[in-house]
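[1] Give the three-dimensional model of this entry:
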Amino acid sequence: MTTSSVPTTLRAGATRLRIRWSAERGVYLGLAIAITAAIVLGFARTFFFRAWYPEWARAHGAPETIFYVHGIAYAAWLLLLLAQTSLVTAGRVDVHRRLGLAGAALAVVMIVLGIVGSLIAAGRPTGFIDIPMPPLQFLVVPFNLIVLFAVFVSLAIVNRRRPQSHKRYMILATIALMEAGVGRWPFAVMNGPSPVPGLGMIELCVDLFLVPMIVWDIVSRGRPHPVTVWGGAALILNQLLRMKLAATGVWLAFAGWAVSLVSR
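    Alright, predicted model coming up:
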């Protein structure tokens, strides 16, 4: 069949589809860049550019070696996210899939480092740096975020043959990691009251990174994608409920036991 025999409407539909996929790839690459910039901004003075802020780094940076390893692993995750979204944008899905194996292995390393690092921080006499809350209670925050990250990455791997679900799970997994970085943004407004009941300014700023996904879903599909809906709801519900869990005897007993594993 020659090109001229293809119905005009079919050719036009194929063109619109190509434009849509091209735009979608640009949206997710832009979102990956924005997430990376947000995390780098938060950890600029204590990790990424600590040589330029030695006094701040000494006062507010973690002293233990594991946190340098932790930072390198998380930085590698951000670089991998940028590489993967860039490869898809460039049409190199074959390379993207091969790098996915490295991403899965890196995710396991990050989960282990995240758990161990959180327990070490909670076991310090002074607790988490710059966090006035009792450390066993605050431990619920990093633990819950690590669990969310693990769940989202696992679902992304399971759905690796379903690109629309896979890409959303990967972005959600990275958004779940953002809170520590956003909480270190050097803006006074971050310590102010939030306009949304039940959410602090840090949580609200993290949740704003869901907005581009929702907007694009509506523009491209006419409605939010189920992964965006349920994944975003899980993230926000975690933010609303975790402090209630932190105050329970069950959590405090578990947290005390877990911290004792690395404090012996």
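[2] Now the strand or helix carrying residue 58 - C-alpha only, PDB.
    Using DSSP states H and E, residue 58 sits in helix 54-60. Once non-C-alpha atoms are left out, helix 54-60 reads as follows in PDB (Å, rounded to 0.1, in the frame of the first residue of the first chain):
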ATOM      1  CA  PRO A  54      32.400  24.500  55.500                       C
ATOM      2  CA  GLU A  55      30.900  26.100  58.600                       C
ATOM      3  CA  TRP A  56      27.400  25.300  57.700                       C
ATOM      4  CA  ALA A  57      28.300  21.800  56.700                       C
ATOM      5  CA  ARG A  58      30.000  21.200  60.100                       C
ATOM      6  CA  ALA A  59      27.000  22.600  62.000                       C
ATOM      7  CA  HIS A  60      24.200  21.000  60.000                       C
END
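[3] in it, what counts as buried?
    Residues residue 57 are the ones in helix 54-60 that count as buried (16 or more other C-beta atoms under 10 Å). The C-beta positions use only the backbone N, C-alpha and C, and glycine is treated the same way.
[4] Pull the residues that contact that helix.
    If you take C-beta atoms under 8 Å, 6 or more residues apart in numbering as the criterion, helix 54-60 is touched by 45-46, 50, 129-130.
[5] which among those end up buried?
    45-46, 50.
[6] just checking, which of those belong to helices?
    Members of the buried ones among the contacts of helix 54-60 lying in helices (criterion: DSSP state H): none.
[7] What is the nearest of the residues you listed to residue 152?
    residue 46 (25.7 Å; C-beta to C-beta).
[8] any idea how far residue 237 is from the closest one?
    In this view, residue 46 and residue 237 are 30 Å apart by C-beta to C-beta, to the nearest Å.
[9] what helices or strands is the helix or strand hosting residue 260 leaning on?
    Using DSSP H and E, the element containing residue 260 is helix 249-263. Counting contacts by 3 or more C-beta pairs under 8 Å, 6 or more residues apart in numbering; DSSP states H and E, helix 249-263 is packed against helix 93-123, helix 135-138.
[10] where does the stretch 1-150 of the chain dip in pLDDT?
    1-22 (pLDDT under 70).
[11] swap the cut-off to 80 and go again
    1-23, 25, 89-91, 93-94, 96 (pLDDT under 80).
[12] Provide the secondary structure category for residue 160.
    Recorded secondary structure, residue 160: coil (DSSP: H, G, I helix; E, B strand; the rest coil).
[13] and the residue lying closest to it once chain neighbours are set aside, how many residues sit next to it?
    In space, and not counting its chain neighbours, residue 160 is closest to residue 166: 5.3 Å by C-beta to C-beta, 6 or more residues apart in numbering. Residue neighbour count, defined by other C-beta atoms under 10 Å, stands at 18 for residue 166.
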